[in-house]
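Student: Only the shape, not the letters, is given here:
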């Protein structure tokens, strides 16, 4: 289940404190404890393939760990969130400070009409989502906002916006 593209949690030490990472692991455990009740084995494997960009075999192993070794799974989940967050940061800018928190969205059902006005409605089971959100301040004075939001389409958006100093 090791993914060379992922940044291990200790590498996040420059951005996040150990206490913050431990608190986030606890929060993820509570969130996942509720979220996983919505999915059977097959759906969980599909979600893990999408969330983590892994093969079916790796997703099956992760699904097993999520049930049998939840601490290992939660650690991997947080590794992925930290890696995804760090990938949003500007590589050539030095971070001055980070004001972030963990954001959790529980799954939902979404109904879409396509084409619009046709009366043909489709119901989607939209999985939950977790992410690190907030603001990053760089030493050059620029700021970057990282956020997630739920929209009416059957997917989540995770985006960021950078404001340059005047």
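Tutor: Perfect, thanks for sending it. A quick note: this is a predicted structure, and the numbers were derived from the prediction, not measured.

Student: Now do the residue of the chain most remote from its centre against residue 58, distance only.
Tutor: Distance to the chain centre peaks in the chain at residue 118, reaching 34.2 Å (criterion: CA atoms, centre = their mean). Remark: distance between residue 118 and residue 58 (CB to CB, to the nearest Å) = 40 Å. Backbone N, C-alpha and C define where each C-beta goes, glycine included.

Student: Helices of the protein, residue ranges please.
Tutor: Along the chain, the segments classed as helices by DSSP state H run 18-35, 41-52, 56-68, 70-88.

Student: Export those as TSV, with columns for mean pLDDT and distance to residue 98.
Tutor: TSV is the format used below for those (pLDDT from 0 to 100; distance: least, CB to CB, whole Å):
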stretch	mean pLDDT	distance to residue 98
helix 18-35	94	10
helix 41-52	92	23
helix 56-68	94	28
helix 70-88	91	9
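
Student: Looking at those helices, which one is packed in the most?
Tutor: Sort the helices of the chain by mean neighbour count, taking mean count of other CB atoms under 10 Å, and helix 70-88 sits at the top with a mean of 18.
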